[in-house]
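Chemist: Got a sequence here, can you build the structure:
(one chain, ligands or ions: 1)
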Amino acid sequence: MAEDLHIASGSKEQQYQSLVPQIKGLLQGETNFIANLANICAALKEQFNFFWVGFYLVEGKELVLGPFQGPVACTRIAYNRGVCGTAWANEETLIVPNVDEFPGHIACSSLSKSEIVVPLLQNGKCIAILDVDSKELNSFDLIDKQYLNTILDLLNSQ
Ligand code: SME
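Modeler: Numbers count the residues shown, from 1 in each chain. Next up is the predicted model:
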């Protein structure tokens, strides 16, 4: 039985520092990949109240919508398309301070203004991406990049 999340206050870094061990606890002993992705989304949404947080799973030459929290979203994204498809192709975290300035950005919602996309690599191969959207410009920085990568690394130590 999962316990309620303790919602930390303080700086963004302090919030992540409180959240990471809690997510580690949530994943411990659970080997189902989708269940773990779902709880990561819920924990991030609860702590930060992000506008949209979710996973897209690599399926052939496309990303397909996986577990998420937030408004309904596009279900399929082609390789190298949009922020998500580009992060997948480059296998690198992408921080987009203003989505209107990202060529080819896919607007699932016109309310989304900035975005970070983190690829989940397994044995050197991208198998999914984590996408986080904000209604404000410039919401994401290297702190988000560091801790979101730390959170995704927890999936590989299951
Ligand atoms: N904006 C993303 C699409 C996914 S949604 O934001 C949930 C992109 O450009 O790839």
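Chemist: who in the protein is up against the ligand?
Modeler: When proximity is defined as Cβ under 6 Å from any ligand atom, the chain approaches the ligand at 52, 73-74, 77, 82-84, 105-106, 108, 112, 115, 131, 133. Backbone N, C-alpha and C define where each C-beta goes, glycine included.
Chemist: hmm, 5 Å instead?
Modeler: Counting by Cβ under 5 Å from any ligand atom, the residues of the chain lying close to the ligand are 73, 82, 83, 84, 105, 106, 108, 133.
Chemist: State the distance from the residue most central in space within the chain to residue 10.
Modeler: For the chain, the residue nearest the mean C-alpha position is residue 130 (2.8 Å; Cα atoms, centre = their mean). Residue 130 sits 23 Å away from residue 10, taking Cβ to Cβ, to the nearest Å as the criterion.
Chemist: picking up where we left off before, nearest to residue 33, of the residues of the chain next to the ligand?
Modeler: For these, the closest approach to residue 33 (Cβ to Cβ) belongs to residue 84, at 18.4 Å.
Chemist: any idea which element that closest one lies in?
Modeler: helix 82-90 (DSSP states H and E).
Chemist: Direction included, what does whatever helix or strand comes next after that helix pair against?
Modeler: If you walk from helix 82-90 toward the C-terminus, the next helix or strand you reach (DSSP H and E) is strand 94-96. Using DSSP bridges, the neighbouring strands of strand 94-96 in the sheet come out as strand 114-122 (antiparallel).
Chemist: nearest spatial neighbour of the residue nearest to the centre of the chain, skipping sequence neighbours?
Modeler: Setting aside the residues directly before and after it, residue 130 is nearest to residue 118 in space (Cβ to Cβ, 6 or more residues apart in numbering), at 4.6 Å.
Chemist: Then residue 15?
Modeler: Residue 15's closest residue in space is residue 8 (Cβ to Cβ, 6+ apart), at 5.0 Å.
Chemist: same check, this time on residue 145
Modeler: Looking at residue 145 with Cβ to Cβ, 6+ apart, the closest residue is residue 93, at 4.9 Å.
Chemist: State the distance from the one you found to residue 25.
Modeler: The value you get for residue 93 to residue 25, if Cβ to Cβ is used, is 25 Å.
Chemist: what's the answer for residue 136, then?
Modeler: As defined by Cβ to Cβ, residue 136 lies at a distance of 30 Å from residue 25.
Chemist: In terms of pLDDT, where does the closest residue to the ligand within the chain sit?
Modeler: Nearest residue of the chain to the ligand: residue 82, at 2.7 Å (Cβ to the nearest ligand atom). At residue 82, the model reports a pLDDT of 97.
Chemist: Thanks a lot, catch you later.
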